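Enquirer: sharing a model that was predicted from the sequence below.
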Amino acid sequence: MSSESSQPEIETRPPLPQDEFSEALLTAELEPTADGGQRALLYPEDRPDVELATHWLAAPETLLVDLDDIR
C-alpha cells in the first residue's frame, strides 16, 4: 500500500499588498447590551433596507480599533 496522500498540492503565493484591497465603508452604531456594556452594529450604508436586515455584524465595543492605528 502506498502512503502517498491524494490531496492536491496547494500553490503558495505571497500575500497581496494591502493597497490592492478595496476599502468597504461600514457605518457603526453603538447600542447598550444586557450586561451593561456596549456593542457596535456595523453595516454597509449603501444597501437597500431589505438587504440591511441580513448584511450586518455586531461586535463588542472593546474589539473595535481605528484603522489608522493599525496601518
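Expert: The structure has been received and is ready for your questions.
Enquirer: any idea how far the helix or strand of the chain with the lowest mean pLDDT is from the chain center?
Expert: Least confident helix or strand of the chain, by mean pLDDT, DSSP states H and E, is helix 67-70 with a mean of 77. In terms of CA atoms, centre = their mean, to the nearest Å, the gap separating the centre of helix 67-70 from the centre of its chain is 15 Å.
Enquirer: quick check: the most centrally placed residue in the chain vs residue 12, distance?
Expert: The geometric centre of the chain, computed from its C-alpha atoms, lies nearest to residue 57 (CA atoms, centre = their mean), at 8.2 Å. Using CB to CB, to the nearest Å, residue 57 is found at 30 Å from residue 12. Placement of C-beta: from N, CA and C, glycine included.
Enquirer: tell me where this structure has helices.
Expert: Along the chain, the segments classed as helices by DSSP state H run 49-52, 67-70.
Enquirer: would you turn those into TSV with mean neighbour count?
Expert: TSV is the format used below for the helices of the chain (neighbours: other CB atoms under 10 Å):
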stretch	mean neighbour count
helix 49-52	10
helix 67-70	6
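Enquirer: what about residue 60, distance to residue 48?
Expert: Distance of residue 60 to residue 48, given as CB to CB: 28 Å.
Enquirer: ok, those two, which is more surrounded?
Expert: Legend: neighbour count by other CB atoms under 10 Å for residue 60 and residue 48, higher for residue 60 (12 against 8).
Enquirer: was I right about that one contacting residue 37?
Expert: Yes: counting by CB atoms under 8 Å, residue 60 touches residue 37, with 6.7 Å between them.
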